[in-house]
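Enquirer: Curious how this folds, go ahead:
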Amino acid sequence: MNFFCIADKESSLGFKFSGIETREISTKAEALEAFNVALALENVGIIIVTEKAASFMREKLNQFLYSEELPLIVEVPSRGPAKRRKSVTESLKEIIGISA
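Expert: The predicted structure follows:
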C-alpha cells in the first residue's frame, strides 16, 4: 500500500523528499485531476491532502469520505501561518448537531 500526496506548491517539497508521489496543485481543476489520478492508482492506500489543496475540492472530498472506505484520506496543515482549527468537540457538535 502506497501514499499519494496532493499539495500546494509551498507544502509539497517535504513529501517529495520523503519519496511520496506528490502532485503540486494551484487550481481547482488541478486538484480534482490529481484526486482522480490518485483514485485510479490501484496501489494507493492513503491520500495525503494539504489544507490549501483540500479547500479547492472540499465538496468532492467530503462526498468521498462519507461513501468510501479506501483509500484513506488524511488532511494535513499547509505550510505558512496556522489557522484556527475546530476542536474535535466542535467538529462533532457540527456533524451530529448536538450541543452540550
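Enquirer: Please name the nearest non-neighbouring residue to residue 77.
Expert: Excluding its sequence neighbours, the residue lying closest to residue 77 (CB to CB, 6 or more residues apart in numbering) is residue 51, at 5.5 Å. Heads up, the C-betas are built off the backbone N, CA and C, glycines and all.
Enquirer: err, residue 56, not the other one
Expert: residue 31 (3.8 Å).
Enquirer: Which other helices and strands does the one helix or strand that neighbour maps to contact?
Expert: Assigned by DSSP states H and E, residue 31 belongs to helix 28-40. Judged by 3 or more CB pairs under 8 Å, 6 or more residues apart in numbering; DSSP states H and E, the packing partners of helix 28-40 are strand 2-8, strand 21-25, strand 44-50, helix 51-56, helix 58-65.
Enquirer: what mean pLDDT does it have?
Expert: Averaged over helix 28-40, pLDDT sits at 96.
Enquirer: Now for this protein, the helix or strand with the poorest mean pLDDT.
Expert: Within the chain, no helix or strand scores below helix 88-96, which has a mean of 68 by mean pLDDT, DSSP states H and E.
Enquirer: Quick check: which ranges of the chain have low pLDDT?
Expert: Along the chain, the parts satisfying pLDDT under 70 run over 81-88, 91-92, 94-95, 97-100.
Enquirer: hmm, who's touching stretch 59-66?
Expert: 32, 35, 49, 54, 73, 75 (CB atoms under 8 Å, 6 or more residues apart in numbering).
Enquirer: start to end distance for stretch 8-24?
Expert: With CA to CA, to the nearest Å as the measure, the first residue of stretch 8-24 is 5 Å from its last.
Enquirer: Can you tell me the centre-most residue of the protein?
Expert: Centroid-nearest residue in the chain, with CA atoms, centre = their mean: residue 49, separated by 2.5 Å.
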